[in-house]
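Visitor: model this:
(one chain, ligands or ions: 2)
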Amino acid sequence: MAPNHQPKIDIRGLSTSFRDSRRSRRNGRGADDVHVLRDVNLTVREGEFLCIVGPSGCGKSTLLNIIAGFIKATRGEVFIDGRPVTGPDPRRIFIFQENGIFPWLTVEENIGFGLLDAKPAERRETVAHYVRVVGLNGFERAYPHALSGGMKQRVEIARALAANPDVLYMDEPFGALDFLTRLRMRAELVEIWQREKKTVLFVTHDVDESVQLADRVVVMSQRPAAVADIVGVDVPRPRDMDAPEMLRARERIFEVMGFAHAGAGHAPEEGRPAAAPEAGQPAVSQAPAAAAVSRPPVAAAAPRSAAKGA
Ligand SMILES: Nc1ncnc2c1ncn2[C@@H]1O[C@H](COP(=O)(O)OP(=O)(O)OP(=O)(O)O)[C@@H](O)[C@H]1O
Ligand SMILES: [Mg+2]
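Guide: Ligands and ions are numbered 1, 2, ... in the order given. Got it, this is the predicted structure:
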């Protein structure tokens, strides 16, 4: 589904450093700063599904936490609907990798948790709707300990959606799930997103996951991370992971991440970004028309054949 083009989130010149107290104790001098984000500029459209990928430790979670208002940036600002973000907002919900549902509440109590102010009948109706949306019919009275990892994650997604958020932040939400459950959850998330039209910011280190889900994939450079490229995935859903446009998008992302040539079986060196990012917002690159880049090394590529249909 094509999103409309209203800007929803506007990220302007974000830079962030953390104090490294461990390092400062070791060398006995003043605290060193760990520079995490460097002049990140990005606009997210209303209703867009945006994925953020990048090397481990580059600052993806930090970026998401700043946008969500949990961390204050050292420099720069985030605007949502034209207003500066000054702290967390209950209309915007964060879904973490670790399971965040309450073990002492049933599935339906968890899903209805954010609806305590609603009238009982309205609340029951909303909960029943989201139980159906995430396919947990029959498990309404079950407690989390009796659910699989994928089912618990679905409860968490249903609870987030039931609160009718206008933005969903997801930080590797499927990272702890097994491969097949992850594929199923991606397909379900795409279906839900197509129905609910929320703006979604989804962090992942899995390039296949990003091209399967996103309208655009933001590729971060090594730390201190900037936006190295934005790759548009203009492919209708459900997507065939083996379609040429999908392979091109995937190859473009790997190229930006430093896996440009077959046989280059290593990641770019620490501190040497694969693509020198420019200050300011980069243009969205569509995947190259010709397969100018070859496949990434086998070790970096997840199997695609099982990933059809999301
Ligand atoms: N509160 C903090 N205090 C000090 N350093 C921090 C803090 N939070 C993050 N960092 C550092 O900032 C850098 C980026 O961390 P972040 O968690 O944002 O990376 P990431 O891209 O999400 O990594 P991963 O892919 O492994 O989840 C890391 O070097 C991390 O050690
Ligand atoms: Mg992270």
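Visitor: just the terminal-to-terminal distance for stretch 71-82.
Guide: End-to-end distance for stretch 71-82: 19 Å, by CA to CA, to the nearest Å.
Visitor: how far out from the middle of the chain is that stretch?
Guide: The chain centre lies 18 Å from the centre of stretch 71-82; the measure is CA atoms, centre = their mean, to the nearest Å.
Visitor: which parts of it are buried?
Guide: Neighbour-count burial for stretch 71-82 flags 71, 73, 76, 78, 80 (criterion: 16 or more other CB atoms under 10 Å). No exception for glycine: its C-beta is placed from N, CA and C like everyone else's.
Visitor: and those residues as a markdown table, adding distance to ligand 1 and secondary structure?
Guide: Shown next, in a markdown table, are those (distance: CB to the nearest ligand atom, whole Å; DSSP: H, G, I helix; E, B strand; the rest coil):
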| residue | distance to ligand 1 | secondary structure |
| --- | --- | --- |
| 71 | 7 | coil |
| 73 | 12 | coil |
| 76 | 15 | strand |
| 78 | 15 | strand |
| 80 | 20 | strand |
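Visitor: those residues: which two are farthest apart?
Guide: 71 and 80 (15.4 Å; CB to CB).
Visitor: any idea how far the spatially most central residue of the chain is from residue 191?
Guide: By CA atoms, centre = their mean, the chain has its centre lying nearest to residue 202, at 1.3 Å. The span separating residue 202 from residue 191 equals 15 Å under the rule CB to CB, to the nearest Å.
Visitor: what's near enough to touch residue 40?
Guide: Residue 40 is in contact with 11, 13-15, 63, 76, 225-227, counting by CB atoms under 8 Å, 6 or more residues apart in numbering.
Visitor: rerun at 7 Å
Guide: Residue 40 makes contact with 11, 14, 63, 226-227, according to CB atoms under 7 Å, 6 or more residues apart in numbering.
Visitor: just residue 152 next, same as before
Guide: Residue 152 neighbours (CB under 7 Å, 6+ apart): 99, 101, 144.
Visitor: give me the pLDDT for residue 19.
Guide: Note on residue 19: pLDDT of 84.
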